[in-house]
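Chemist: this is a predicted model, with the sequence first.
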Amino acid sequence: MRVEWFEWDGAEKTATRARRWAEAEALEEITATINKIETDVRMRGDEAVLELTNRFDATERPISALRVDRGELAAALTSLDPQLRRSLELAAANIRQVAEAQVDSRLGAIQLPQGQTVTLREVPFASAGVYGPGGRAAYPSSVLMCAIPAQVAGVGQLAVASPPDRSGRVHPVVLAAAALCEIDDVYAMGGAQAIFALAHGTQTVKRCAAVVGPGNNWVQEAKKKVFGFAGIDSYAGPSELMLVADGSTNPRWAALDLRAQAEHGSGGPLLIAAVEKDVLDAIVEATESASEPMIDGEDSLLAVVQLPQLEHAVELANAYSPEHLELSFDEAAGLAKHITTAGCVFVGRHSATAFGDYAAGSNHVLPTLGAGRFSGPLGPDVFRRKIATVEVPPEAAAKLAPHVDTIARAEGFPVHGESAMIRARDSK
């Protein structure tokens, strides 16, 4: 793990320097290739998606069809290890309970003084596509995190895309999670081509109203590219963790939390902050000397910041906007309420990010790269939109029309005004 110490230079400057240092991939280069992939998928559909999937994923045994047979999903769930199934079912129940608590579809009618009624209601998207990451690992948890809020929101048609392994098969645990969520449409495709297929549709893949889910920067840049053709959740790229410590922090626990997020790959930045240098030294030493093997992430980037005071952790966190923020010390609740930009805040020494990654009930699809400044966790609201219904009876039209006419003419749109006035003059 590569470690870099940053001197305190104010929250904004320190956060900016740390984030720039930790950006491992040049997004400009990714974007150029992304544009070519999108054009290819839109022009050639299934043929392009299959070709790209076989080139990048199913390298040993190319696949000939994108859709995974429903029988394979059912078989994956049936053959799942019983303890793993119980754990997934527990996680699913917690995720569903938290998601259901977020839904309020009874917005109701508003009666206004002139007599008109404006009714606000929410409706779910007709369809949504879920990206279940693959490659270095299987992510059944991401299927649960995306599919369950979509179902709670009332989405009608739900599809999952996940890259196949080298032998051309989607991981059985991912298929089992899809079956657990009763999802019928699962596609063996990954990367940017999967996002474009879900957003634009192909001969096999139905076009989706929204495309959501975590993934690497290639996946997230593709999601940005399709916004406008489809809704997206947020920029949910490589995993990030900022950990704030003090003398009560257990260095061994903190080291495991940092290495746990590094397991997702070296693309996501890690940051630790504390007032006491000896606390920082202990965590860095524990992180570097840990014996737990990781699938990937040994080359991860760890930024270390010594704070003037513990209260400055709030300023740094709000400027840095981490995906995950651990306040891993006693009496952390007082600082937590002042955090405004983190994707998810874990309060207290026992609140490891790993709980939120799997089974606490909160959603692990969170904004990265500073996107927490304007977006938050994936939830049912991502899959729902508000509709306003306006009813203007004759008496309300008579009262409103002169005001509409005045404003419209001021804007240079007299026909707008006449459209309202004619209803005031002639109510028949």
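Modeler: Right, received. Where do you want to start? A quick note: this is a predicted structure, and the numbers were derived from the prediction, not measured.
Chemist: low pLDDT regions in this structure?
Modeler: Across the chain, the ranges flagged by pLDDT under 70 are 24-26, 104-107, 136, 266-267, 293-298, 427-428.
Chemist: from the centroid of it, which residue is nearest?
Modeler: residue 365 (3.6 Å; Cα atoms, centre = their mean).
Chemist: quickly find the element holding it.
Modeler: In the assignment (DSSP states H and E), residue 365 maps to no helix and no strand.
Chemist: residue 255 too?
Modeler: helix 251-262.
Chemist: show residues contacting that helix.
Modeler: Helix 251-262 is contacted from outside by 1, 239-241, 243, 245, 268, 270, 272, 279, 282-283, 285-287, 290, 292, 294, 296-298, 300, 302, 324, 326, 328, 349, 352-354, 357, using Cβ atoms under 8 Å, 6 or more residues apart in numbering. To be clear about C-beta, it is placed using only N, CA and C from the backbone, and glycine gets the same treatment.
Chemist: quick revisit: the residue nearest to the centre of the chain against residue 147, yeah?
Modeler: No: using Cβ atoms under 8 Å, residue 365 is not in contact with residue 147; the gap is 11.0 Å.
Chemist: ok, back up a step: among the contacts of helix 251-262, name the ones in helices.
Modeler: The helices, defined by DSSP state H, take in 279, 282-283, 285-287, 353-354, 357 from the contacts of helix 251-262.
Chemist: how about the contacts made by residue 100?
Modeler: Residues near residue 100 by Cβ under 8 Å, 6+ apart: residue 152.
Chemist: actually residue 198, sorry about that
Modeler: Contact analysis of residue 198 by Cβ under 8 Å, 6+ apart lists 129, 131, 159, 161, 205, 207-208, 211, 230.
Chemist: of those, which is the nearest to residue 388?
Modeler: Closest approach to residue 388 among the contacts of residue 198 (Cβ to Cβ): residue 230, at 22.3 Å.
Chemist: quick check: chain neighbours aside, which residue is closest to that closest one?
Modeler: Closest residue to residue 230 apart from its sequence neighbours, by Cβ to Cβ, 6 or more residues apart in numbering: residue 199 at 4.2 Å.
Chemist: the helix or strand where the one you found lies: how far from the chain's middle?
Modeler: Taking DSSP H and E as the criterion, residue 199 maps to helix 191-200. Relative to its parent chain, helix 191-200 has a centroid offset of 16 Å by Cα atoms, centre = their mean, to the nearest Å.
Chemist: show me what secondary structure element comes after it.
Modeler: Downstream of helix 191-200 (by DSSP H and E), the next one is strand 210-212.
Chemist: now that next one: how far from the chain's centre is it?
Modeler: 9 Å.
Chemist: how close does the residue nearest to the centre of the chain sit to residue 356?
Modeler: Note on residue 365: its distance to residue 356, by Cβ to Cβ, to the nearest Å, is 11 Å.
Chemist: in stretch 117-125, what counts as buried?
Modeler: 122, 124-125 (16 or more other Cβ atoms under 10 Å).
Chemist: returning to that earlier point: now the contacts of residue 198: which count as buried?
Modeler: 129, 131, 159, 161, 205, 208, 211, 230.
Chemist: thinking again about what came up before, and the contacts of residue 198, which two are furthest apart?
Modeler: Within the contacts of residue 198, 131 and 207 form the most distant pair, 15.1 Å apart (Cβ to Cβ).
Chemist: any idea how many residues pack against residue 320?
Modeler: 26 (other Cβ atoms under 10 Å).
Chemist: repeat for the one 4 residues further on
Modeler: Using other Cβ under 10 Å as the criterion, residue 324 is surrounded by 26 other residues.
Chemist: list the residues that contact it.
Modeler: Residue 324 makes contact with 239-242, 261, 342-344, 346, 353, 356, 366, according to Cβ under 8 Å, 6+ apart.
Chemist: need those residues in TSV (columns: neighbour count and distance to residue 88).
Modeler: TSV is the format used below for these (neighbours: other Cβ atoms under 10 Å; distance: Cβ to Cβ, whole Å):
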residue	neighbour count	distance to residue 88
239	25	20
240	29	25
241	24	24
242	26	29
261	24	21
342	24	27
343	26	23
344	22	20
346	25	22
353	24	19
356	22	16
366	28	20
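Chemist: and which of those residues is nearest residue 86?
Modeler: Using Cβ to Cβ, residue 356 is the member of those that lies nearest residue 86, at 19.6 Å.
Chemist: which non-adjacent residue is nearest the closest one?
Modeler: Excluding its sequence neighbours, the residue lying closest to residue 356 (Cβ to Cβ, 6+ apart) is residue 362, at 4.8 Å.
Chemist: do the same with residue 202
Modeler: Distances taken as Cβ to Cβ, 6+ apart put residue 45 closest to residue 202, at 3.7 Å, once the chain neighbours are dropped.
Chemist: that neighbour contacts residue 193, correct?
Modeler: No: the pair residue 45 / residue 193 is not scored as a contact, 10.5 Å apart, by Cβ under 8 Å.
Chemist: those two: who's more crowded?
Modeler: Shown here are residue 45 and residue 193; by other Cβ under 10 Å, residue 193 has more neighbours (28 against 19).
Chemist: which residues in the stretch 1-150 of the chain form strands?
Modeler: Taking DSSP state E, counting those that start in this stretch to define them, one finds strands in the stretch 1-150 of the chain at 2-6, 109-111, 117-124, 127-131.
Chemist: for the last one, packing partners?
Modeler: For strand 127-131, the elements it packs on are helix 140-153, strand 157-162, helix 191-200, strand 210-212, judged by 3 or more Cβ pairs under 8 Å, 6 or more residues apart in numbering; DSSP states H and E.
Chemist: for residue 422, which of those is the nearest?
Modeler: Evaluated over these, closeness to residue 422 peaks at strand 210-212, with 39.9 Å, by Cβ to Cβ.
Chemist: residues contacting the closest one, please?
Modeler: For strand 210-212, the external contacting residues (Cβ under 8 Å, 6+ apart) are 125, 127-131, 146, 150, 195, 198-199, 223, 226, 230-233, 365, 378, 382-383.
Chemist: quick one on the thing from earlier: can you list the ones in helices among the contacts of helix 251-262 in JSON lines and add distance to residue 13?
Modeler: Formatted as JSON lines, the ones in helices among the contacts of helix 251-262 follow (distance: Cβ to Cβ, whole Å):
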{"residue": "279", "distance to residue 13": "23"}
{"residue": "282", "distance to residue 13": "26"}
{"residue": "283", "distance to residue 13": "23"}
{"residue": "285", "distance to residue 13": "27"}
{"residue": "286", "distance to residue 13": "28"}
{"residue": "287", "distance to residue 13": "25"}
{"residue": "353", "distance to residue 13": "26"}
{"residue": "354", "distance to residue 13": "31"}
{"residue": "357", "distance to residue 13": "31"}
